[in-house]
Every structure is written in structure tokens, then in C-alpha cells.
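Participant: Sequence and computational prediction follow.
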Amino acid sequence: MDELIPNLRDERVQGAVKSLLVYSIVILLVPLGSMFFLKRYLFEGLFGYSPNDSLTYSAVIAVILVHIKVMQKYAHDLPVHLGFANRIETDELYRLRSIFLPLGKIGGKPSWLNPKILPGTADLQCNVCQKQMCFLIQVYATSENDPPHSFHRTLFVFVCRNPLCSKSNDASNMVVFRCCLPRLNPYYSFDGPMDPDLDGDVPDPRMTGDAPQLCVICGCFASKKCGKCSTSWYCCRDHQALDWTSGHKQSCGNTDNPEGAKSLTNPLNKFLFKEYGIEMDQEYVPAELLESLNDGDSEDDFDDKCADDDDESEDIKRKRMEEFEDFVAKNKLRNDQFKTDEMEAAVCDQRSDFNFERFNRLLNLNSEQVLRYQRSGTPLLATDRAPPPGEIPSCEICGAPRTFELQLMPHLLSLIDVDDLRESIDWASVYIFTCSRSCEIENNGYAKEYVFKQDFS
């Protein structure tokens, strides 16, 4: 019975009670105050209505005001869902194939939502080097408010593997696609996808004669095939050359051990990123931290607290240095490039960086998060030292404004093994903005959305 009684000494309980009381008082004061003002000064005083009519009209307006207030609170409190990598044994990776509609996946080959109308080779070329980009991550992201043509909905993110194409605060080496399908479609049952526990690692029943060929290296649309065996297909010459040196030279045309006898699960190659599943969970922020982030620590307050470095003791300075070094190490930043004096300067600089402080504190609550999802929400900026997203272009298909949907976090870099002290794919956070209408795409294919990258400097 005791567990049903809240502990009022718990700071989280106290914070919740405080918020509930404040909100309850506001809910009472807004309608009562507005009714009194409207009845006496507007409807009776200005318009000359009778007391009864004035009371009716003012009550209607008061209800509208309460509704607006509730909607504002709801909009402000949109939950943030965090994505975490889920390690899956090699013989279980078939569970991430598209026939099972995975919640999300990192690395490996893309599990296309629409397996027949795919992005073209040109759509997947890096804008910097014009080489084929590599699949990075996908997220199955639907909403009950989506239109019927968007019953199924998945976002796909690709990135160029060439580290020289990773420019600071520039997402030219990345691309994101949105794909939508109605509930009734040729690829998935009306009642849901196939079940990996029941069906196992079976051939894809949708891959009939009219299905497009896929590149054996990257899993994207392929238009070239091996001239000798005519069984292996490729999206570009680079991937054909890579496959040739990775074993196809020995197996090409070998009827005793045809490549078709390989496991149905995609074999890994050095072009692909390591493959993981994705698990989602709602973010929980302790009341005291939430209050300090939203109320107490405004940008001006933060600047005031950090204005005079000489006022801090050596112990505090050392603690701040340790915190920053810990953050750098956890998120695989290239801290070995810093000299001691440069590190100290970076700490002083970061102390006056309000967004970095907020980013760091929220990230430390769940340091292994690879993505943050809050559709139509507010992105968590990584720093004040780099440009924030500017004017987001409207949807090229329907003209609707794009809104924030999700962002990729630094921990993802450590999972795909691209950390390098010299040149490396890098980001503080990658922000993805999508069509607010989730509009219909021609042939239920793939439409590009907007991606923005922010680095720590």
C-alpha cells in the first residue's frame, strides 16, 4: 500500500506537484478573469448586452482561451523519443529485412519500404565527390495524424564514406529520403508485415521478375552487371571493382558454388557500416534539470554566471576541465589534436556556450542515444559556435513548410567505426526536416527531404 502513496520528499514528486498546482491555478484564473473582464467591460459596457447574454458570450470566449492554453502546453510538451543501437547476432540480422518492417536500423544495406520504386544512382551520388553514398540509418516514423497515403512511412539517411567530403557545418555529403505507402499496397499485408519469429529467414516473396536489381555491395538500385557471369549487379563501376577484389574474382562463373547459394542475409563488406537494430524509448528529464533548462538558465543568466572567470576557484576550473574532457572522450571528438593551452581555451569558450551546455547536460542523461525524435518539435542545438539551421526550404512536391523531425547524435559515429584522429566523417548533430503534410510521392517512391549538419565549431 505504501508504494501507492507518493513520497513528497522526493524532488521529482515535489516538482510534479508544483507544476500541477501552477497549471491548475492558471487554468482557473484564465477563464474566470477573462469572463469577468469581457462581461463587465466589453459586452455590457461597450456593446450594451444584457447581463445574461454577456455572461454567455464571455463564457464561450473563456472556453476558447482555455483550449488555446491547453494546446500551447501540449505543443510545448511534445515528447522526445530516443533511439539506441541494438546489437543483433549475425544469424539474426534477417529480422531487419524490409519484409518485416523494422522499426529502424543502422548500417548494412537499406531495408527499402517500397522495394520496387527506388532512388536512382544519381540521387545517391555525393554532391562533393560524385561517388556513391553509403546507407547510414533508417527510421520507421508514422503518426496517427498522417494522411491515408502515408500509413507506412520510413526515413532513410545516406552519407559519403570519403572523409574528405565531410566539411564543417555542411551536409553536402549527406542525403535523406522519405517514403510513404498506404495501408493497402502491393508489398505488405493489410493486417501487417511478415513475422520474423514465424517466417524466419525466407526469400522475399515480393522479388518477382519485375523487381529491380540491387547492387551486391550497397543494396541500392543497380543498372550494371558482371559481363562474365551476368548474375552479380552493381550500381557503379567502383562497386563492381570492389566486389571483384573481395571474392567475386574467385567465384565468378563457378557453377559448383554459385553465389546464389550464399546465405539470404546480406554479407558484410568493407563498404558497408556495421549493422544494428534500433530500439526507441521516451526521454525522461528529471524535474530539477528540466526546470533549470527551461526557466532558471536562460541565455542571459548563463552568460552572467560565466562572465568573470577569475571568480572561480582552481577546484571549480579543474572540474570544468574534467567535464569537458570527459564529454570529448565520450563522443569521440579529436581531442588528441588539442594542446593543453588549446584545451583550456576550449573549456573557457564552451563555458559561455549556452546551447553546448544544454546539449551536454541532456546528452549525459542518455549518453548512448544515436538519435532524438520529436516530429514537429524543436531541435536540440549542439553549440552557439556554429551556425544554426537557417531558412528551411519548403517541400518541393507540395510547397508545404518543412518541420523538424529528428536528429542524429555523436554516439552514432563510434558505432559505425569512422573515428579517426586525422580525417573522418564527423558531426555534432545532424538535423532532418520533413514535409509537414507528409505529402504523397509519385508512384509511392522516394522524395528527398532537407538535412542540416552542425559541428562543434
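Facilitator: Happy to help now that I have it.

Participant: Show me where the stretch 1-150 of the chain has its helices.
Facilitator: For the stretch 1-150 of the chain, the helices defined by DSSP state H, counting those that start in this stretch cover 11-37, 51-76.

Participant: mean confidence score for the shortest one?
Facilitator: In this model, helix 51-76 has a mean pLDDT of 66.

Participant: Between its first and last residues, how far does stretch 174-190 reach?
Facilitator: 33 Å (CA to CA, to the nearest Å).

Participant: List the buried residues in that stretch.
Facilitator: Buried residues in stretch 174-190, defined by neighbour count with 16 or more other CB atoms under 10 Å: 174-181, 185, 187-188. Backbone N, C-alpha and C define where each C-beta goes, glycine included.

Participant: In contact with residue 280, which residues?
Facilitator: 81-84, 103-104, 373 (CB atoms under 8 Å, 6 or more residues apart in numbering).

Participant: what's the answer for residue 434, then?
Facilitator: So residue 434 contacts 155, 178, 375, 402-403, 405, 449-450 (CB under 8 Å, 6+ apart).

Participant: what number of residues lie near residue 169?
Facilitator: Look at residue 169: counted by other CB atoms under 10 Å, it has 16 neighbours.

Participant: How confident is the prediction for the closest residue to residue 196 other than its chain neighbours, by pLDDT?
Facilitator: Excluding its sequence neighbours, the residue lying closest to residue 196 (CB to CB, 6 or more residues apart in numbering) is residue 95, at 4.3 Å. Note for residue 95: predicted pLDDT of 96.

Participant: Quick check: residue 95 touching residue 101?
Facilitator: No. At 10.6 Å, residue 95 does not count as touching residue 101 under the criterion of CB atoms under 8 Å.

Participant: picking that back up, secondary structure added to the contacts of residue 434, as JSON lines?
Facilitator: Formatted as JSON lines, these follow (DSSP: H, G, I helix; E, B strand; the rest coil):
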{"residue": "155", "secondary structure": "strand"}
{"residue": "178", "secondary structure": "strand"}
{"residue": "375", "secondary structure": "coil"}
{"residue": "402", "secondary structure": "strand"}
{"residue": "403", "secondary structure": "strand"}
{"residue": "405", "secondary structure": "strand"}
{"residue": "449", "secondary structure": "strand"}
{"residue": "450", "secondary structure": "strand"}
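
Participant: Please identify which pair of those residues lies farthest apart.
Facilitator: Within the contacts of residue 434, two members stand farthest from each other by CB to CB: 375 and 450, at 14.3 Å.

Participant: which residues sit in contact with the residue nearest to residue 170 when sequence neighbours are not counted?
Facilitator: With sequence-adjacent residues excluded and distances taken as CB to CB, 6+ apart, residue 170 is closest to residue 453, at 6.4 Å. Going by CB under 8 Å, 6+ apart, residue 453 touches 169-171, 174, 427, 429-431.

Participant: any idea how far the nearest residue to residue 387 once chain neighbours are set aside lies from residue 416?
Facilitator: With sequence-adjacent residues excluded and distances taken as CB to CB, 6+ apart, residue 387 is closest to residue 169, at 5.7 Å. Distance of residue 169 to residue 416, given as CB to CB, to the nearest Å: 20 Å.

Participant: what do you get for residue 236?
Facilitator: 21 Å.

Participant: Tell me the bridge partners for the closest residue to residue 87 other than its chain neighbours.
Facilitator: Nearest non-adjacent residue to residue 87, counting by CB to CB, 6+ apart: residue 276, 6.2 Å away. Residues in a beta bridge with residue 276, per DSSP bridges, are residue 106.

Participant: Same question for the one 4 residues further on.
Facilitator: Judged by DSSP bridges, the bridge partners of residue 280 are residue 83.

Participant: What pLDDT does the model give residue 402?
Facilitator: 98.

Participant: Point out where the stretch 101-250 of the chain drops to low pLDDT.
Facilitator: Judged against pLDDT under 70, the stretch 101-250 of the chain has no low-scoring part.

Participant: Please enumerate the strands of the stretch 151-300 of the chain.
Facilitator: 152-159, 174-181, 224-225, 233-234, 276-282 (DSSP state E, counting those that start in this stretch).

Participant: and of those strands, who's closest to residue 203?
Facilitator: strand 233-234 (16.8 Å).

Participant: quick one: low-confidence ranges for the stretch 251-400 of the chain?
Facilitator: Checking the stretch 251-400 of the chain against pLDDT under 70 turns up 255-268, 294-351.

Participant: Helices along that one, start to end?
Facilitator: Going by DSSP H, counting those that start in this stretch, the stretch 251-400 of the chain shows helices at 287-291, 299-305, 314-330, 340-351, 354-365.

Participant: in the first one, what counts as buried?
Facilitator: So the one you mean is helix 287-291. 287, 291.

Participant: name the helices or strands packed onto it?
Facilitator: With contacts defined as 3 or more CB pairs under 8 Å, 6 or more residues apart in numbering; DSSP states H and E, the packing partners of helix 287-291 are helix 11-37.

Participant: quick one: contacts for residue 238?
Facilitator: 131-132.

Participant: Give me the buried subset of the contacts of residue 453.
Facilitator: Here, 16+ other CB under 10 Å leaves 169, 171, 174, 427, 429-431 buried among the contacts of residue 453.

Participant: Would you reformat the residues you listed as CSV and include distance to residue 140?
Facilitator: Converted to CSV, the buried ones among the contacts of residue 453 look like this (distance: CB to CB, whole Å):
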residue, distance to residue 140
169, 29
171, 22
174, 20
427, 23
429, 21
430, 18
431, 19
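
Participant: Which member of the residues you listed is positioned nearest residue 45?
Facilitator: Once CB to CB is applied, the member of those that ends up nearest residue 45 is residue 431, at 50.9 Å.
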